[in-house]
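K.L.:
make a model of this:
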Amino acid sequence: MSAPAGWEVVIGIETHAQLSTASKIFSGASTAFGAAPNTQASGVDIALPGVLPVLNRGAVERAIRFGLAVGGTVAPLSVFARKNYFYPDLPKGYQISQYELPVVSGGAIDIAVDGSHKRIRLTRAHLEEDAGKSLHEDFHGMTGIDLNRAGTPLLEIVSEPELRGSREAVAYAKTLHALVRWIGICDGNMQEGSFRCDANVSVRRVGEAKLGTRCEIKNLNSFRFLEKAIDYEARRQVELIEDGGTVVQETRLWDPARGETRTMRSKEDAHDYRYFPDPDLPPLSISPAWVEAVRGSLPELPSAMGERFVAAHGLTDWEARTLTASKALAAYFEAVVAAAGGDAKSCANWVLGELSALLNRLEVEADASPVSPAALAGLVHRVRDGTLSGKAAKEVFEAMAQGEGEADAIIEQRGLRQVSDAGALAQLVEAAIAANPKLVDDYRAGKDKAFNALVGQVMKASAGRANPGQVNALLKARLG
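P.N.:
So this is what the prediction gives:
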């Protein structure tokens, strides 16, 4: 949705990406999802007296990977701080986070919306521990506390307030989501809370330089909710101001059942949290050698791969961006091209068309496709060598998806081999001309639709198996 007339929506997003370590950021407890409540909370996680945190090297390495992937600066020295607040699911009464000296500063995410490109700068990315979870639904008149999530490693990624509208915000979140999965630092499972967004939304009149008062919408765990929450909040703030009211800085929650945001609590500023360096954790030192070792382990990034697809295969920018939106899809496409021996454009058309529709229907990634890259390449071969028409090829693909075998076997079993024999096609053309004298006369009188009707008659007589290109050429030659 665009902003209400005369207004501009300004959005910054804070994203919490759960890092894909096997253990927590300051303890050896498991991070596996779905365990019984409070069975994965160690003495460190529940703040037993005398326990001390020990930093997880794997979490730091994942932060370095992210910093390099977005072109940010990895700090040679960063500091952990205590963020003090009191909530039932925070056992220590403070959260270990980073404040003044984060592990990553700067960087950017490039997004595309409606064919236009925009670079969104990042403020920072810092390491922190997750809190536990309050359970309200399972208890009557009480709240249960599950501390399994307490201490789970998070990378909080903060954008500059450079997003304008919900469509840009969703494009940013999707691009970031794809990137953290691509570089292997987060599984991106939004249903399990591995990737959550907080949207800071404000409005201002078009032409104003000063930012409006922002409200933060917490814990948005789907792209659809992110879009709807921003649109609602922008309308709410504009209507409030136009009615003579004032926007109050606060934290709000999205209520999907009612389709609205609602007040959660007044918004705290940094000084309210009384940040100070954590005395139990020494400063985090990251050597240049460590950074370079991580750099050497990074895969080809989606932006670079997309540029290569455009340059090497002649794909459009949209095709390249769509193929590289998922690491699994990009790998699948490259495997099809390799197996097909080239013809990347046709391969891209099949991957972005029939295959993507199949994956969406099955709700699986490309690496779980029932049609293997080699099988799809075999189908591309048969279209390219004239064995199959485009329509018949789609039928073969669906049969492959149902597990009926490879393309060649399905073609023979169903009798789908395209008729390309010149003699056989000439007989079909002659028969169509003899049976449809009025269409012949109409065509010779300048009615082009009559020609298409004659082609249709030939295709019908061949049960759709005639090579349409050859049919067109033979008819034109015969009719003059």
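K.L.:
all contacts plus neighbour counts: C-alpha atoms, from now on.
P.N.:
Will do.
K.L.:
quick one: pLDDT of residue 471?
P.N.:
For residue 471, the model assigns a pLDDT of 68.
K.L.:
average pLDDT across stretch 161-173?
P.N.:
Mean predicted lDDT for stretch 161-173 stands at 95.
K.L.:
looking at this, residue 112 is in a strand?
P.N.:
Yes: counting by DSSP: H, G, I helix; E, B strand; the rest coil, residue 112 is located in a strand.
K.L.:
burial of it, as a residue count?
P.N.:
16 (other CA atoms under 10 Å).
K.L.:
looking at this protein, which strand is longest?
P.N.:
strand 116-129 (DSSP state E).
K.L.:
identify each buried residue in that one, please.
P.N.:
120, 121, 122, 123, 124, 125, 126, 127, 128, 129 (16 or more other CA atoms under 10 Å).
K.L.:
next SSE after that strand?
P.N.:
Scanning forward in sequence from strand 116-129 by DSSP states H and E, the next helix or strand is strand 133-135.
K.L.:
could you look up the next helix or strand downstream of that following strand?
P.N.:
Where DSSP H and E defines the elements, the next helix or strand beyond strand 133-135 is strand 144-146.
K.L.:
angle of the helix or strand that that next one is followed by against strand 116-129?
P.N.:
Reading on from strand 144-146 to the C-terminus, the next helix or strand found by DSSP H and E is strand 153-159. If you take axes from the mean of the first three to the mean of the last three CA atoms, to 10 degrees, strand 153-159 sits at 140 degrees to strand 116-129.
K.L.:
what residues does residue 145 make contact with?
P.N.:
By CA atoms under 8 Å, 6 or more residues apart in numbering, the contact list for residue 145 reads 88, 89, 132, 133, 134, 135.
K.L.:
so how do I select the buried members of these in PyMOL?
P.N.:
In PyMOL syntax, the buried subset of these is picked out as below (16+ other CA under 10 Å):
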select buried, resi 89+132+133
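K.L.:
turn the contacts of residue 145 into JSON lines, columns for distance to residue 212 and pLDDT.
P.N.:
Formatted as JSON lines, the contacts of residue 145 follow (distance: CA to CA, whole Å; pLDDT from 0 to 100):
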{"residue": "88", "distance to residue 212": "32", "pLDDT": "87"}
{"residue": "89", "distance to residue 212": "32", "pLDDT": "89"}
{"residue": "132", "distance to residue 212": "33", "pLDDT": "93"}
{"residue": "133", "distance to residue 212": "32", "pLDDT": "90"}
{"residue": "134", "distance to residue 212": "32", "pLDDT": "87"}
{"residue": "135", "distance to residue 212": "35", "pLDDT": "86"}
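K.L.:
out of the contacts of residue 145, which is nearest to residue 80?
P.N.:
When the contacts of residue 145 are ranked by distance to residue 80 (CA to CA), residue 132 comes first, at 19.4 Å.
K.L.:
circling back: partner strands of the longest strand of the chain, parallel or antiparallel?
P.N.:
strand 104-105 (antiparallel), strand 108-113 (antiparallel), strand 153-159 (antiparallel) (DSSP bridges).
K.L.:
worst average pLDDT in those strands?
P.N.:
strand 108-113 (a mean of 93).
K.L.:
outside of it, which residues touch it?
P.N.:
Residues contacting strand 108-113 (CA under 8 Å, 6+ apart): 70-72, 117-122, 167-168, 171-172, 175-176.
K.L.:
coming back round to it: the longest strand of the chain: how far from the chain's middle?
P.N.:
Averaged C-alpha coordinates place strand 116-129 at 16 Å from its chain's average position (CA atoms, centre = their mean, to the nearest Å).
K.L.:
let me know the pLDDT of the closest residue to residue 351 other than its chain neighbours.
P.N.:
Nearest non-adjacent residue to residue 351, counting by CA to CA, 6 or more residues apart in numbering: residue 333, 6.6 Å away. At residue 333, the model reports a pLDDT of 97.
K.L.:
checking my notes, residue 333 in a helix, right?
P.N.:
Yes: counting by three-state DSSP, residue 333 is found in a helix.
K.L.:
give me the number of residues near it?
P.N.:
24.
K.L.:
quick one: contacts for it?
P.N.:
323, 347, 348, 351, 373.
K.L.:
ok, back up a step: so which of the strands paired with strand 116-129 is the most surrounded?
P.N.:
Neighbour counts (mean count of other CA atoms under 10 Å) averaged over each of these peak at strand 153-159, with a mean of 25.
K.L.:
contacts for the helix or strand following that strand?
P.N.:
Moving toward the C-terminus from strand 153-159, the next helix or strand (DSSP H and E) is helix 166-182. With contacts defined as CA under 8 Å, 6+ apart, helix 166-182 is touched by 1-2, 11, 13, 17, 66, 109-113, 120, 163, 186-188, 195, 197, 223, 226-228, 230-231, 301-302, 325-327.
K.L.:
where does pLDDT dip in the stretch 251-400 of the chain?
P.N.:
Along the stretch 251-400 of the chain, segments meeting pLDDT under 70 span 267-270.
K.L.:
can you give the domain ranges for the protein?
P.N.:
As assigned by automatic domain parsing, the chain contains the domains 7-293, 300-414, 422-479.
K.L.:
which secondary structure state does residue 68 sit in?
P.N.:
helix.
K.L.:
who wins for proximity to residue 389 among the strands paired with strand 116-129?
P.N.:
Once these are compared by CA to CA, strand 108-113 is nearest, at 34.9 Å.
K.L.:
between helix 166-182 and the closest one, find me the angle.
P.N.:
130 degrees.
K.L.:
please report how far residue 173 lies from residue 120.
P.N.:
As judged by CA to CA, to the nearest Å, residue 173 and residue 120 stand 11 Å apart.
K.L.:
nope, residue 406 is what I was after
P.N.:
In terms of CA to CA, residue 406 sits 45 Å off from residue 120.
K.L.:
try residue 27
P.N.:
Residue 27 is 34 Å from residue 120, by CA to CA.
K.L.:
ditto for residue 455
P.N.:
Taken as CA to CA, the span from residue 455 to residue 120 is 53 Å.
K.L.:
report the buried residues of stretch 322-332.
P.N.:
For stretch 322-332, using 16+ other CA under 10 Å, the buried residues are 323, 324, 325, 326, 327, 329, 330, 332.
K.L.:
OK, contacts around the first one?
P.N.:
Contacts here follow CA under 8 Å, 6+ apart; on that basis residue 323 touches 306, 329, 330, 333, 352.
K.L.:
would it be right to say that residue 9 lies in a helix?
P.N.:
No: under three-state DSSP, residue 9 sits outside any helix and is assigned strand.
K.L.:
my guess is it contacts residue 202, does it?
P.N.:
Yes: shown here, residue 9 and residue 202 form a contact pair, counting by CA atoms under 8 Å, at 6.0 Å.
K.L.:
end-to-end on stretch 350-357?
P.N.:
Using CA to CA, one end of stretch 350-357 lies 10 Å from the other.
K.L.:
so what touches that stretch?
P.N.:
For stretch 350-357, the surrounding residues in contact (CA under 8 Å, 6+ apart) are 319, 322, 323, 333, 394, 397.
K.L.:
contacting residues for the first one?
P.N.:
For residue 319, the contacting residues are 348, 352, taking CA under 8 Å, 6+ apart as the criterion.
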